[in-house]
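Engineer: Fold the following for me, if possible:
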Amino acid sequence: MPRDPLRGAGAPWRTGDVWAISASAFFADLGYQAVLAGFPLFLVLTLHQPVWEYGLASALSYGGGALFSYAGGRIGDRVGHRRLALAGNAVIPLLSLCALVASPVWAIGMLTGGWWARNLRSPSRRAMLVDAVPVDEHRSAAFGFLHALDVGGGALAGVYVLAALAAHVPFRWIFLATVAPLAVSTLSLSRAQVGSRRAPDDPGSLGIVGGDDVEAAPPGAKALLAAAALYGFTYYSAGFPVLTVAQGSGRVLAGLGAFLLLQA
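Structural biologist: Residues are numbered from 1 along each chain as shown. Model (predicted):
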C-alpha cells in the first residue's frame, strides 16, 4: 500500500525547521505555563492580595497582549519574522522573575511584561512555520504537530509545579527555574532558518493587511476572528478555577489539579 505522506517519521513536512519551531513551542510552554499555573496562588494565597488583583493582572496580560500580537504581526512583516520571534522569545523569561520580590505591583508588572513579549512573537513564529511548510495541504498537519507539543509542554509544566509544591519548594524558586526551558526554547527557535524574508512593500500584496484589510480578507475571516475571541473569554480565565478549587478545598495542590484538568 502507498504510504500516507502525512503519517509516520517520513512525513515530508516534518523538516528540521518544523522540528526546531515546534520544539521551541514545547519548551516555551514548559516554562511560562508553570508560572501561569502558580501565579494566581502566589498572588492571592502567598502575598494575600484580593482576587480582583489577579483579574487585573489577567486583563493587562491578555488584553494588552492582544494589541502586542497585532503589532507583532505588522512589525514582523517589516523587519523579518525570524528576527522578531527571537527577540520576543528572549524576553519572555521576565515573567520568571515575578516571585523574587514580595511586591504585588512588581509581580504583576513582570508577569505582564513577559506575556506581552510572548504575544509579540507569536504571530511571527506562526509565519515561520508557514514558510517552513510551503505545500498548503501539509500545513494543517504541521500546525497540529506544533500545538500538540505546545499543549504537552503546558501539561508537563503543571505536573512539575504540583510536584515542587508538594515538596514545599517556594514559588520564587519554581518560577525562577522556568528560565531554563525558556532559554532552550529561544535556542531551538534560533536553529530554524526560515522567516528572514521581509514582506513586500505594497501592503495590498499581503492580502490581509493594509488600509483595505476588511475587503481583502478571505471569506469566513470575520467568523473565525469572532470565534477566537469568544473562545478566549473562557480559556484565558484558567486562574480563577485554580483559585476557586484551592480556596474551596483549603489545598493548594487541589488547585493545581484543576489546572491539569483544564490542560487535559
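
Engineer: any weak-confidence spans in the stretch 101-250 of the chain?
Structural biologist: 198-216 (pLDDT under 70).

Engineer: Tell me how far the helix or strand residue 58 falls within lies from the chain's centre.
Structural biologist: Under the criterion of DSSP states H and E, residue 58 resides in helix 51-58. Taking C-alpha atoms, centre = their mean, to the nearest Å, one finds helix 51-58 lying 19 Å from the centre of the chain it belongs to.

Engineer: For residue 221, grab the count of nearby residues.
Structural biologist: Applying other C-beta atoms under 10 Å, we find 13 residues neighbouring residue 221. To be clear about C-beta, it is placed using only N, CA and C from the backbone, and glycine gets the same treatment.

Engineer: Kindly apply the preceding question to residue 177 instead.
Structural biologist: Look at residue 177: counted by other C-beta under 10 Å, it has 16 neighbours.

Engineer: From here on, call the first residue 62.
Structural biologist: Okay, residue one is now 62; in that scheme the one you just asked about reads as residue 238.

Engineer: re the thing from before, and the contacts of the helix holding residue 119?
Structural biologist: Residues outside helix 112-119 that contact it (C-beta atoms under 8 Å, 6 or more residues apart in numbering) are 100-101, 104-105, 165, 169, 172-173, 297-298, 300-301, 304.

Engineer: hmm, 10 Å instead?
Structural biologist: Residues from elsewhere that reach helix 112-119, judged by C-beta atoms under 10 Å, 6 or more residues apart in numbering: 97, 100-105, 108, 110-111, 159, 165-166, 168-170, 172-173, 176, 297-301, 303-305, 308.

Engineer: Got the phi and psi for residue 102?
Structural biologist: phi -70, psi -40 (degrees, to the nearest 10).

Engineer: Residue 302 is in contact with that one, correct?
Structural biologist: No. Shown here, residue 102 and residue 302 do not form a contact pair, counting by C-beta atoms under 10 Å, at 12.0 Å.

Engineer: Those two - which one has more neighbours?
Structural biologist: residue 102 (24 against 15).

Engineer: related to what we said a few turns ago, going by neighbour count, which residues of the following helix or strand past the helix holding residue 119 are buried?
Structural biologist: Sequence order places helix 125-140 as the next helix or strand after helix 112-119, per DSSP H and E. By neighbour count on 16 or more other C-beta atoms under 10 Å, the buried set for helix 125-140 is 126, 129, 130, 133, 134, 136, 137, 138.
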